[in-house]
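>>> What shape does this take:
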Amino acid sequence: MSAPTRSQVKRWQRYLAEERAEGAVYSDLARRKTGEEREILLALAEAESRHEDHWRQLLGENASPSGRASLRTRVLALLARRFGSVFILALAQRTEARSPYSADVDATPAMAADERIHEEVVRGLASRGRSRLSGSFRAAVFGANDGLVSNLALVLGIGASGASTRTVLVTGLAGLLAGALSMGAGEYVSVRSQRELLESSTPDPTTGTAIQHLDVDANELTLVYRARGMSEAQAEAHAARVLAGGAHDRVLPGLDRPVDVHESVGTGLGAAGSSFCFFAGGALIPVLPYLFGLEELAAVIVSSLLVGVALLMTGAVVGLLSGGPPLRRALRQFAIGIGAAAATYLLGLLIGGG
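Residues are numbered from 1 along each chain as shown. Next up, the predicted model:
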């Protein structure tokens with residue numbers, strides 16, 4: 001085997017550093033978890049150590065000192081040591097998705113396949129956390145964006161029509177309060193209605209007590225399973241197993257899986273509180289320049305800049321949590337929000353000019 005080139009050595013050293021850093025991330029996360037999640041994270045760390053061994057063997061005496069991991073991976077490792085939240089798993093998912101092994105002849109096909117599978121494993125772990133916080137998080141993000149965009153549009157539209165600074169300020173504060181109350185009430189009703197709809201579709205836990213009194217020959221239990229989506233043959237086979245086993249559980253066998261959707265929906269009060277607070281916080285930002293005495297064009301520019309920065313931040317956070325590209329989500333959020341406000345500002349100019 002010929003000696004590796006300088007560029008190969010540098011690339012292999014970088015890969016070695018990446019694998020070492022990623023393994024440290026999973027180990028750090030595992031220390032904050034228990035049970036199955038901990039075991040899965042430790043298994044991922046062990047897999048990364050196998051990849052380390054591959055690059056060490058190729059590097060030989062060049063394995064030490066190794067290169068530096070990418071800034072993304074080093075930041076991820078730092079965050080994992082400090083937080084260990086769903087955001088870290090979402091970042092890890094993005095890192096696994098960007099693996100270069102499938103296009104690198106020095107990486108084995110098994111290593112490339114490992115990275116693809118690791119992405120799905122991390123996606124599954126992250127989805128648990130996403131499910132737990134998505135109800136309140138959804139309300140918070142929507143509330144903040146609605147507050148930012150709607151109040152900026154309101155303030156700019158009123159200001160462009162020629163109204164006084166005091167009128168713009170009062171209008172903005174009124175829009176903040178009215179919008180926050182409306183958002184909070186709307187989220188509460190929406191989430192409560194959704195939870196009640198889901199609960200109405202959940203099997204009655206006391207129905208299982210009737211199984212011992214069923215006519216085995218008629219076997220009407222099959223109708224329950226058919227109504228839940230099983231084919232006739234599957235339902236008959238499943239019902240026969242339940243009756244043969246003499247199951248007299250309090251929950252109807254075969255339909256006792258927990259409804260995880262309840263957790264992802266969140267609670268009515270939690271969603272209402274998040275929506276109210278984040279709408280109010282978002283709606284306050286475009287009003288700040290007027291509160292500090294800025295007027296006319298200066299207030300419009302500063303208000304738009306503040307809201308633009310806030311939109312970029314919320315878009316990036318949503319992108320990180322969803323495992324998508326944060327910059328693209330941030331720019332999309334920015335373009336939609338500023339575009340809506342600009343349209344309202346132009347409409348205010350037309351009204352004021354008329």
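
>>> and R166, what are its phi and psi?
Taking degrees, to the nearest 10, you get phi -60, psi -40 for the backbone angles of R166.

>>> er, A107 I mean
As for A107, its main-chain torsions (degrees, to the nearest 10) stand at phi -90, psi 140.

>>> List the residues that contact it.
By Cβ atoms under 8 Å, 6 or more residues apart in numbering, the contact set of A107 is Y15, H54, P100, Y101. No exception for glycine: its C-beta is placed from N, CA and C like everyone else's.

>>> Which pLDDT value goes with A110?
According to the predicted model, the pLDDT of A110 comes to 89.

>>> the longest helix in this protein is where?
Secondary structure of the chain read by DSSP state H shows that its longest helix is helix 109-160.

>>> That one - contacts with which helices or strands?
In this structure, helix 109-160 packs against helix 35-59, helix 86-97, helix 165-200, helix 261-265, helix 268-284, helix 296-322, helix 326-353, with contacts taken as 3 or more Cβ pairs under 8 Å, 6 or more residues apart in numbering; DSSP states H and E.

>>> What residues sit buried inside the helix or strand hosting V224?
Secondary structure assignment for V224, by DSSP states H and E: helix 221-227. Neighbour-count burial for helix 221-227, with 16 or more other Cβ atoms under 10 Å as criterion, is recorded at L221, T222, V224, Y225, R226.

>>> and the second one, what does it touch?
In other words, T222. Residues E232, A235, E236, H238, A239 are the ones in contact with T222 under the rule Cβ under 8 Å, 6+ apart.

>>> let's go with 10 Å and repeat that
M230, E232, A233, Q234, A235, E236, A237, H238, A239, A240, V242 (Cβ atoms under 10 Å, 6 or more residues apart in numbering).

>>> Which ones among those lie within helices?
Those of the contacts of T222 lying in helices (DSSP H): E232, A233, Q234, A235, E236, A237, H238, A239, A240, V242.

>>> Can you select the buried ones from these in PyMOL?
Typed into PyMOL, the line below selects the buried ones among the ones in helices among the contacts of T222, using 16+ other Cβ under 10 Å:
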select buried, resi 235+236+238+239+242
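
>>> now, which of the ones in helices among the contacts of T222 sits nearest P4?
Distances from P4 to these, taken as Cβ to Cβ, are shortest for Q234 (57.3 Å).

>>> okay, now L305: neighbour count?
If you count neighbours by other Cβ atoms under 10 Å, L305 ends up with 11.

>>> let me redo that: V189
V189 has 13 neighbours, counted by other Cβ under 10 Å.

>>> Check the gap between it and G270 for me.
Going from V189 to G270 by Cβ to Cβ, to the nearest Å gives 14 Å.

>>> ditto for T73
Using Cβ to Cβ, T73 is found at 34 Å from G270.

>>> Of those two, which one has the most company?
More crowded of T73 and G270, by other Cβ under 10 Å: T73, with 22 against 18.

>>> Now do the contacts for the more buried one.
Here T73 is in contact with A17, E18, E19, R20, A21, E22, A24, V25, L91, A92, T95, R98 (criterion: Cβ under 10 Å, 6+ apart).

>>> Just give me the neighbour total for the last one.
If I follow you right, that is R98. Neighbours of R98 under the rule other Cβ under 10 Å: 12.

>>> Touching, it and E119? I think so.
Yes. In this structure R98 lies within contact range of E119 using Cβ atoms under 10 Å: 9.3 Å.

>>> where in the stretch 201-350 of the chain is pLDDT low?
201-221, 245-267, 321-324 (pLDDT under 70).

>>> Now L156. Nearest residue, chain neighbours left out?
Take L156 and drop its neighbours on the chain: the residue closest to it by Cβ to Cβ, 6 or more residues apart in numbering is Y345, 4.1 Å away.

>>> can you count the residues close to the one you found?
For Y345, the number of neighbouring residues by other Cβ under 10 Å comes to 21.

>>> try the one 5 residues further on
The tally of other residues near L350 (other Cβ under 10 Å) stands at 11.

>>> Give me the distance between it and G162.
Computed with Cβ to Cβ, the distance linking L350 and G162 is 11 Å.

>>> can you check A299 too?
Summarising the geometry, the distance separating A299 from G162, computed by Cβ to Cβ, is 14 Å.

>>> now swap in L152 and tell me
Plainly put, L152 is 18 Å away from G162 if you go by Cβ to Cβ.

>>> How about G175?
Taking Cβ to Cβ as the criterion, G175 is separated from G162 by 18 Å.

>>> more neighbours, the two?
Neighbour totals were compared for G175 and G162, and G175 leads with 21 against 12 (other Cβ under 10 Å).
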